[in-house]
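After the sequence you'll find the predicted model.
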Amino acid sequence: MSLHFQRDLESLKKEILLIGGLVEEAINNSVRALKNRDVALAESVINKEYIIDEKEVQIEEECLKILALHQPVATDLRLVVVILKVNNDLERMGDFATNIAQRALFLSEHDPLPYLIEFINDLPVMVQKMVKDTLDALVKMDTEIARSVILADDAVDDINRLMYKKVNETIVADSSTTERAINLLSTSRYLERIADLSTNIAEDVIFMVEGNVIRHDTSHE
């Protein structure tokens, strides 16, 4: 491996961790804005989305430049391919954080739905842990942490399904809650998608370390 190539790879690793930190912050702040009905914080998440978008484009361009200039093979090729995929997944997570912040803005202007607010409080804690653990797995290239993220996804799916049921019951009982309930349901769905993307990244970490493609593999279920 040439010194130039090694420097480019190290720079790429730092950049993917930087965007990961930005995305984690956006998710945490959007959730906090939702829970605390914090308009300023929600607006801050929305206004900073462009930073994540610009970083995602920069990292993709760097990956393509490395592929063209250095034509990596074996483990190095795997690393660049994984970073390309992780970069895209992180940008999408940032989009969902913005979506949550937008819902938080709407909900802050209306009376809360107490039971549903309690319900939605459980899901963010689980998803935030998945995101944190996914980034830890990526930093440490730790397949054990990565597998724990994959296993956690089922519990998130279960809560999201219960959320659908509860929202339906709430709307049937009082149709005036419809718009608020649907906005909360959307938030639940965005959190579920963030969890799914965390799982994708965890699977990519395993691929990077072990060379095994486990996506669509049901052996961990």
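Okay, I see it.

how about the CA coordinates for stretch 77-87, as PDB?
What follows is stretch 77-87, C-alpha atoms only, in PDB (Å, rounded to 0.1, in the frame of the first residue of the first chain):
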ATOM      1  CA  LEU A  77     -11.700  -2.500  -1.700                       C
ATOM      2  CA  ARG A  78     -14.100  -3.900   0.900                       C
ATOM      3  CA  LEU A  79     -13.400  -0.900   3.200                       C
ATOM      4  CA  VAL A  80     -14.100   1.700   0.500                       C
ATOM      5  CA  VAL A  81     -17.300  -0.100  -0.600                       C
ATOM      6  CA  VAL A  82     -18.500  -0.300   3.000                       C
ATOM      7  CA  ILE A  83     -17.800   3.400   3.600                       C
ATOM      8  CA  LEU A  84     -19.700   4.300   0.400                       C
ATOM      9  CA  LYS A  85     -22.700   2.300   1.700                       C
ATOM     10  CA  VAL A  86     -22.500   3.500   5.300                       C
ATOM     11  CA  ASN A  87     -22.200   7.100   4.000                       C
END
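
Mind listing what's buried along it?
Of the residues in stretch 77-87, 78, 79, 80, 81, 82, 83, 84, 85, 86, 87 count as buried by neighbour count, 16 or more other Cβ atoms under 10 Å. C-beta coordinates here come from the backbone N, C-alpha and C atoms, glycine included.

The second one and residue 182, how far apart?
Counting by Cβ to Cβ, to the nearest Å, the gap between residue 79 and residue 182 amounts to 42 Å.

With the fourth one instead?
When Cβ to Cβ is the yardstick, residue 81 and residue 182 sit 39 Å from each other.

can you give me the offset of the least confident helix or strand in the chain by mean pLDDT from its chain's centre?
Sorted by mean pLDDT, DSSP states H and E, the helices and strands of the chain end with helix 114-140, the least confident at a mean of 87. Distance of helix 114-140 from its chain centroid, counting by Cα atoms, centre = their mean, to the nearest Å, is 10 Å.

distance of residue 155 from residue 188?
For residue 155, the distance to residue 188 - Cβ to Cβ - is 13 Å.

More neighbours: which of the two?
Applying other Cβ atoms under 10 Å to residue 155 and residue 188 shows that residue 188 carries more neighbours, namely 26 against 14.

and that one, what pLDDT?
Looking at residue 188, its pLDDT is 92.

What residues does it make contact with?
Contact partners of residue 188, counting by Cβ atoms under 8 Å, 6 or more residues apart in numbering, are 120, 123, 159, 160, 163, 164.

Same question for residue 138.
Contacts of residue 138 by Cβ under 8 Å, 6+ apart are 16, 17, 20, 86, 201, 205.

what pLDDT does the last one get?
In other words, residue 205. Value for residue 205, per-residue pLDDT: 94.

Then residue 33?
On pLDDT, residue 33 comes in at 96.

quick one: the helix or strand hosting it to helix 114-140, angle?
Using DSSP states H and E, residue 33 sits in helix 3-36. Helix 3-36 and helix 114-140 are oriented at 170 degrees to each other (axes from the mean of the first three to the mean of the last three Cα atoms, to 10 degrees).

can you list contacts of the helix or strand just after helix 3-36?
Of the helices and strands lying after helix 3-36 in sequence (DSSP H and E), the nearest is helix 39-47. Identification of contacts with helix 39-47 by Cβ under 8 Å, 6+ apart yields 26, 29-30, 32-34, 97-98, 100-102, 104-105, 108.
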